[in-house]
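Student: Turn this into a model:
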Amino acid sequence: MANIVHYVKYPNRRIYDKNASCYVPFSSIRKKIIEGNEIVILDNTTKEDVTREVLISIILEEGIAGNEIFSVELMKMIIKLYDNPLKDFYVNGLNQSQSFLTSLLSNFSNKEKSEK
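Tutor: Numbering: from 1, shown residues only. Presented below is the predicted three-dimensional model:
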């Protein structure tokens, strides 16, 4: 079972790791996700869950560093989905693709471990 790591986001964009009792950069959160941890990030002022917003920021930071995953065309398509009457159809397709990729990666990882 994955550990849940709790973070608090402050107005100055600093993020505090409640488990480790220290401020952390995006790279630390990224590492926790790669390790299989679940993360929850709450806004310090509103107590709202801002996990999605921080994850988007991490993806953007990786792209700036040259590790782009999403093409400009794909990002424009996603933006256009918000006003598309078939939005639910497209979102369902994206979710199915994500599930398929997760399964593939899991199978690959398990095969890699069994070969060691």
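Student: all contacts plus neighbour counts: C-alpha atoms, from now on.
Tutor: Noted.
Student: count of neighbours near Asp17?
Tutor: Asp17 has 19 neighbours, counted by other Cα atoms under 10 Å.
Student: My error: substitute Met75 in the last question.
Tutor: Neighbour tally, Met75, other Cα under 10 Å: 11.
Student: Over to Glu61?
Tutor: 15.
Student: Quick one: name whatever helix or strand follows the one helix or strand it maps to.
Tutor: Using DSSP states H and E, Glu61 sits within helix 51-64. Going down the chain from helix 51-64, the next helix or strand is helix 72-81, by DSSP H and E.
Student: Show me what the next helix or strand after that following helix is packed up against.
Tutor: Sequence order places helix 87-114 as the next helix or strand after helix 72-81, per DSSP H and E. Helices and strands touching helix 87-114, by 3 or more Cα pairs under 8 Å, 6 or more residues apart in numbering; DSSP states H and E: there are none.
Student: Now do helix 87-114: distance to the chain's middle.
Tutor: 14 Å (Cα atoms, centre = their mean, to the nearest Å).
Student: Hey, what's the angle from it to helix 72-81? Just curious.
Tutor: Calculated by axes from the mean of the first three to the mean of the last three Cα atoms, to 10 degrees, helix 87-114 forms an angle of 140 degrees with helix 72-81.
Student: Can you point out the buried residues in helix 87-114?
Tutor: Residues of helix 87-114 classed as buried: none (neighbour count, 16 or more other Cα atoms under 10 Å).
Student: Just give the number of residues close to Ile4.
Tutor: Ile4: 14 surrounding residues under other Cα under 10 Å.
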